[in-house]
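Participant: I need the structure of the sequence given here:
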Amino acid sequence: MVTIENVSKRYRIGGLHPGYFTFREMLEGIARAPFRRWRGANGNGAHTRRNLWALKDVTLEVKQGELLGIIGHNGAGKSTLLKILSRITKPTTGRVKLYGRVGSLLEVGTGFHPELTGRENIFLNGAILGMRRAEIARKFDEIVAFSEVEQFIDTPVKWYSSGMYVRLAFSVAAHLEPEILIMDEVLAVGDAAFQQKCLDKMHEIRQQGRTIFFVSHNMPAVTRLCRRVILMQQGQITADGPAQEIVNTYLSSSWNISAERVWPEAEAPGNAVVRLRRVRACNEAGETIAAADIRRPIGLEITYDVLQAGHTLTPVVEVYNEWGAHIFSAHDTGAEWRRTPRPVGTYKSTAWLPGNYCAEGSLLVHASVMSHYPATALHVEARKVVAFQVVDSQAGDTARGDYVGPMPGLVRPLLKWETHSEVHGQQ
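Facilitator: The predicted model follows:
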């Protein structure tokens, strides 16, 4: 079990930490102190240091055998929390109770001495964990085989590529059997095959009853591995709960655009003919969704008021990905209103994207209402009005199959494949 009680961590910005002053600098500081106090009292002194609270009053309990996902934007305090758990740094206030040996992979090569060989670093890390040399030796072949660096095991690790570094570091952390395993962005480096090995190994470790802290920006991996996730923002835990629920909360806050936009009547964009009232992304149950399962249909719903009768009106959606690439535009071409003027009233039109169509990632929606018949006219347009995420849970039943690496492309259809074979040389 791991218990974190009211932990805060302060860093000083703009000056050296007192513990890192040289003896000469310390003497100079003592000599100048009265003058600094005098300047401060007269309002002429400027503070050269300020405090940054990387963690603020964090309280958390993680049970034995639990795999906890930790997510949040850069600078949220995730890595600082892991460094405290790994005993790399001490909390400014609060306390942490750890029961068992701790193994950690916080960044590429953390815990490795660059001048030592891979072999020597394996034994060094085991010794740091309190293991006897005979215990490490029993695990040695398994560690090297998993890391796939057999050919370079007697080479100083400073000559390793980043991929080799992280393969060996993960293998050491995972195979030396700590009771608590701490992983920070372990899937950020390495090829797809190694990433899959890491995921499989973490599943195995969890089944052995060991506790894992897993930090990642890879949301599909988080939802696949973790049942419980915490969301960190500005050094605090702001959400704690089921993985998919917390991931949805995080994704909806990633942009300053939500999955739903509603306008009061007085602020509704439009003209004398039509005004927008609401745009949102929704699922088949009619719920607004910030994160959509790649396998399920996604509804893009536009609600609008027709203020003036006698116009043929066509709702339109345009969808862009997070890099600004235009994925598609869709016009309502249904026969009911295609060339029929609409009476005054409120309308709700929904464009349904089929499941297994969009690629995973962030999608941005533009909404508009136009006339195409008898002449073209744009009545209202709202750009960057709604954003949502498409998430692939990597359960093996999407276009990914068992592949976990990058899949470029604007769309990701699950196509029907046919294979015909002619086997030769068999009776």
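Participant: how's the protein carved up into domains?
Facilitator: 2-11+50-253, 267-391 (automatic domain parsing).
Participant: which one of those lies nearest to Leu414?
Facilitator: The stretch from those with the least distance to Leu414 (Cβ to Cβ) is domain 267-391; that distance is 3.7 Å. Glycine gets a C-beta too; all of them are placed from N, C-alpha and C.
Participant: tell me the average confidence for that closest one?
Facilitator: Per-region confidence: domain 267-391 scores 93 on mean pLDDT.
Participant: what about it, start to end distance?
Facilitator: Domain 267-391 has an end-to-end distance of 33 Å (Cα to Cα, to the nearest Å).
Participant: just give me how far that domain sits from the chain centre.
Facilitator: Centroid separation for domain 267-391 versus its chain: 28 Å, with Cα atoms, centre = their mean, to the nearest Å.
Participant: ok, stretch 177-196 next?
Facilitator: Remark: stretch 177-196 is offset 15 Å from the chain centroid, using Cα atoms, centre = their mean.
Participant: also stretch 203-215?
Facilitator: With Cα atoms, centre = their mean as the basis, the mean position of stretch 203-215 lies at 19 Å from the chain mean.
Participant: report the buried residues of that stretch.
Facilitator: Ile205, Arg206, Arg210, Thr211, Ile212, Phe213, Phe214, Val215 (16 or more other Cβ atoms under 10 Å).
Participant: where are the low-confidence patches of the stretch 101-250 of the chain?
Facilitator: The stretch 101-250 of the chain contains residues with pLDDT under 70 at 107-111, 187-192.
Participant: circling back to that earlier point, now for the buried residues of stretch 203-215, which pair is the farthest apart?
Facilitator: Pairwise distances across those peak at 16.7 Å for Arg210 and Val215 (criterion: Cβ to Cβ).
Participant: show only the entries of the buried residues of stretch 203-215 found in helices.
Facilitator: Counting by DSSP state H, the part of those found in helices is Ile205, Arg206.
Participant: give me the subset of the buried residues of stretch 203-215 that lies in strands.
Facilitator: Thr211, Ile212, Phe213, Phe214, Val215 (DSSP state E).
Participant: excluding its backbone neighbours, what's nearest the first one?
Facilitator: Closest residue in space to Thr211, ignoring its immediate chain neighbours: Ile180 at 4.8 Å, by Cβ to Cβ, 6 or more residues apart in numbering.
Participant: also the third one?
Facilitator: Beyond its immediate neighbours in the sequence, the residue positioned closest to Phe213 (Cβ to Cβ, 6+ apart) is Ile182, lying 4.7 Å away.
Participant: assumed that neighbour was part of a strand.
Facilitator: Yes - per DSSP: H, G, I helix; E, B strand; the rest coil, Ile182 lies within a strand segment.
Participant: circling back to that earlier point, the residue nearest to Thr211 - how many residues pack around it?
Facilitator: Residues lying near Ile180 (other Cβ atoms under 10 Å) number 21.
Participant: so it touches Val2, yeah?
Facilitator: Yes - judged on Cβ atoms under 8 Å, Ile180 makes contact with Val2 at a distance of 6.4 Å.
Participant: between those two, which contacts overlap?
Facilitator: Shared contacts of Ile180 and Val2 (Cβ atoms under 8 Å, 6 or more residues apart in numbering): Leu85, Leu98, Thr211, Phe213.
Participant: you'd agree Ala367 is up against Leu378?
Facilitator: No - taking Cβ under 8 Å as the definition, Ala367 is not a contact partner of Leu378, at 11.9 Å.
Participant: who has more neighbours, the two?
Facilitator: Ala367 (28 against 11).
Participant: helix or strand for that one, which one?
Facilitator: strand 361-371 (DSSP states H and E).
Participant: following element in sequence after that strand, please.
Facilitator: Next helix or strand after strand 361-371 toward the C-terminus (DSSP H and E): strand 377-391.
Participant: got the end-to-end distance for stretch 269-279?
Facilitator: Chord length of stretch 269-279, first to last residue, is 12 Å (Cα to Cα).
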